[in-house]
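Trainee: just coords:
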């Protein structure tokens, strides 16, 4: 039992806490949801947004049927989203957030999204393994492989909804109740981190990420510069040849 609790804490609670925090804080920081004070406040916000969206869609259909303009007060939540042009990165984020909201809010929805992401990453890795596996690239890839990939994506959406029976297929679960409690505690920790320390942690993560990007960019530029100097075929001049020319000039 002690070892099972350790496994559930390491492989269940910690990932759920981290994923919950990242998903919620990213949504708040990007303006996709408002800042919230508790888990109940978050669920209430999601429910209100879902009701507003349904009312807006109903109003648009009714307006088309009656051949009139929709009520702007009711359809404000949809118009604000559609009327403002967004860059591709924002559009991708909106697609992911729509996927998140489709699973619902709270613990159940968070676990469903995490399960979906986990399954999708595994499916993508297996897909790439088949495409770039041993043998000819053209022999491995085909229409049936692409069709299977998209069918599996749809089935994964269904599997994510029943995450309580799906996750044991990918994790060493022996006692389901222990893992369920661990996952729920991890979710509570993630919500707590978002409400109390979300902005501070997010700022530090952003600074760390920016520094890492700068280091990687500098290292990449330095590598390209060195390879350019060492490769005469690309117009560069080898160091030995350059030093000889300089000595001749002197």
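Mentor: It's in. All values reported here derive from a predicted model rather than from experimental measurement. Numbering: from 1, shown residues only.
Trainee: Point out where this protein drops to low pLDDT.
Mentor: 77-95, 104-105, 130-145, 228-250 (pLDDT under 70).
Trainee: those helices in it, which residues are they?
Mentor: Shown for the chain, the helices assigned by DSSP state H span residues 2-8, 14-29, 39-66, 76-83, 88-102, 106-131, 137-140, 143-161, 163-166, 176-230, 239-249.
Trainee: Of those helices, flag the one that's most buried.
Mentor: With neighbours defined as mean count of other C-beta atoms under 10 Å, the helices of the chain peak in mean count at helix 14-29, which reaches a mean of 19. For the C-beta atoms, the positions are set from N, CA and C on the backbone; glycine is no exception.
Trainee: Does it pack against any helices or strands, and if so which?
Mentor: Under the contact definition 3 or more C-beta pairs under 8 Å, 6 or more residues apart in numbering; DSSP states H and E, helix 14-29 sits against helix 88-102, helix 106-131, helix 176-230.
Trainee: roughly how far is the last one from the heart of the chain?
Mentor: Translated: helix 176-230. In terms of C-alpha atoms, centre = their mean, to the nearest Å, the centre of helix 176-230 is found 12 Å from the chain centre.
Trainee: elements contacting it?
Mentor: helix 2-8, helix 14-29, helix 39-66, helix 106-131.
Trainee: Distance to residue 182 for those - can I get that in a markdown table?
Mentor: Formatted as a markdown table, the helices and strands packed on helix 176-230 follow (distance: least, C-beta to C-beta, whole Å):
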| stretch | distance to residue 182 |
| --- | --- |
| helix 2-8 | 4 |
| helix 14-29 | 8 |
| helix 39-66 | 17 |
| helix 106-131 | 12 |
